[in-house]
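Student: Fold the following for me, if possible:
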Amino acid sequence: MVTFFAIFSCLVVFNVALLVHSSLYARTRSPRPAKSTDRPEIKIYPLDLLASSYKKAI
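Tutor: Below is the predicted model of the structure:
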């Protein structure tokens with residue numbers, strides 16, 4: 001039981017350290033640009049499900 005709690009506490013401490021490191025890195029990172037203008041805009045066409053015809057399986 002003591003071994004379980006020792007391993008568990010080590011994992012919790014490691015998890016907290018990663019969380020703190022991640023949050024500090026996210027603060028110092030520069031913000032991303034809102035939208036890049038060099039990419040062409042992608043057109044998305046709607047699916048025409050009502051006009052599709054289905055064959056009977058049986």
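Student: could you pull out the helices for this protein?
Tutor: With DSSP state H as the criterion, the chain has helices at 2-28.
Student: For it, give me the ranges with low pLDDT.
Tutor: Within the chain, the stretches with pLDDT under 70 are 29-39, 48-54.
Student: Repeat the analysis, applying 50 as the threshold.
Tutor: For the chain, applying pLDDT under 50 flags no range at all.
Student: what number of residues lie near residue 18?
Tutor: 10 (other CB atoms under 10 Å). In this view, the C-beta of every residue, glycine as well, is placed from N, C-alpha and C.
Student: Can you tell me how far it is from residue 45?
Tutor: 43 Å (CB to CB, to the nearest Å).
Student: now do residue 5
Tutor: Distance from residue 5 to residue 45, counting by CB to CB: 58 Å.
Student: more crowded one of the two?
Tutor: For residue 5 versus residue 45, the count of surrounding residues by other CB under 10 Å is larger for residue 5: 9 against 5.
Student: Check the gap between the more buried one and residue 17 for me.
Tutor: 18 Å.
Student: Over to residue 1?
Tutor: Relative to residue 17, and taking CB to CB, residue 1 is found at 25 Å.
Student: before we move on, what about residue 2?
Tutor: Residue 2 is 23 Å from residue 17, by CB to CB.
Student: And for residue 26?
Tutor: To residue 17, residue 26 is 15 Å away according to CB to CB.
Student: can you check residue 41 too?
Tutor: 43 Å.
Student: likewise residue 7?
Tutor: Relative to residue 17, and taking CB to CB, residue 7 is found at 16 Å.
Student: same thing with residue 3?
Tutor: Distance from residue 3 to residue 17, by CB to CB: 21 Å.
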